[in-house]
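Novice: just need the structure, nothing else, for what follows:
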Amino acid sequence: MEIVRTVRDLLRKRELEVWTIGPDDTVYQALQVMADKNVGALPVMEAEKLIGIFSERDYARKVILHGRSSKELLVKEIMSSRVAYVRPNQTIDDCMALMTNLRIRHLPVLDGDALVGMVSMRDVVEDIISEQDFIIEQLVNYIQNERSPVPPATP
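Specialist: Numbers count the residues shown, from 1 in each chain. Here you go, the predicted structure:
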């Protein structure tokens, strides 16, 4: 029997609040939100629509390495505008494959056009490990019960 875990299942287990940033906010403001909320990426929203994503990687590669100032630079100038995302009914394995193939660590979750969550590589890995731990525990219990003597039936 295969257990299919979905993004919806994963989101039910965690805090649902998603922090976002606007395209006209400064990179410095985005970094402050990321530090305050302890997240590595922020969806960039304009009028309730996902238009990009801003990540630590964007900052490191497009600001610091080019000697630019995060206090004057706007998020829209360096955000990644091609955003990979998942839907709530997709599987955790879909997330892992997408993140691995695209070499990204954060996926917005869209239900229609509405942003309903964010999934990180950490979330996906923790879920996979949790599932494997459960399966191992079930197998150990099964093996131990097979080895224990069956009590005789009582008349």
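
Novice: check what pLDDT Leu98 gets.
Specialist: In this prediction, Leu98 carries a pLDDT score of 95.

Novice: isn't it up against Pro108?
Specialist: No: Leu98 sits out of contact with Pro108 when judged by C-beta atoms under 8 Å, with a separation of 11.5 Å. For every residue, glycine as well, the C-beta is placed using N, CA and C.

Novice: which of those two has more neighbours?
Specialist: Legend: neighbour count by other C-beta atoms under 10 Å for Leu98 and Pro108, higher for Pro108 (23 against 17).

Novice: ok so, going back, what touches both of Leu98 and Pro108?
Specialist: Residues touching both Leu98 and Pro108 comprise Val86, with contact defined as C-beta atoms under 8 Å, 6 or more residues apart in numbering.

Novice: show me where pLDDT drops low in the protein?
Specialist: Counting by pLDDT under 70, the ranges of the chain that qualify are 1-4, 15-16, 132-136, 138, 147-155.

Novice: dead centre of it: give me the residue that sits there.
Specialist: Averaging the C-alpha coordinates of the chain gives a centre point, and the residue nearest to it by C-alpha atoms, centre = their mean is Val119 (1.6 Å).

Novice: that one - that's part of a strand, no?
Specialist: Yes: residue assignment for Val119, taken from DSSP: H, G, I helix; E, B strand; the rest coil, places it within a strand.

Novice: how much space separates it from Pro108?
Specialist: With distances defined as C-beta to C-beta, to the nearest Å, the gap from Val119 to Pro108 amounts to 8 Å.

Novice: hey, what's in contact with both of those two?
Specialist: Val86.
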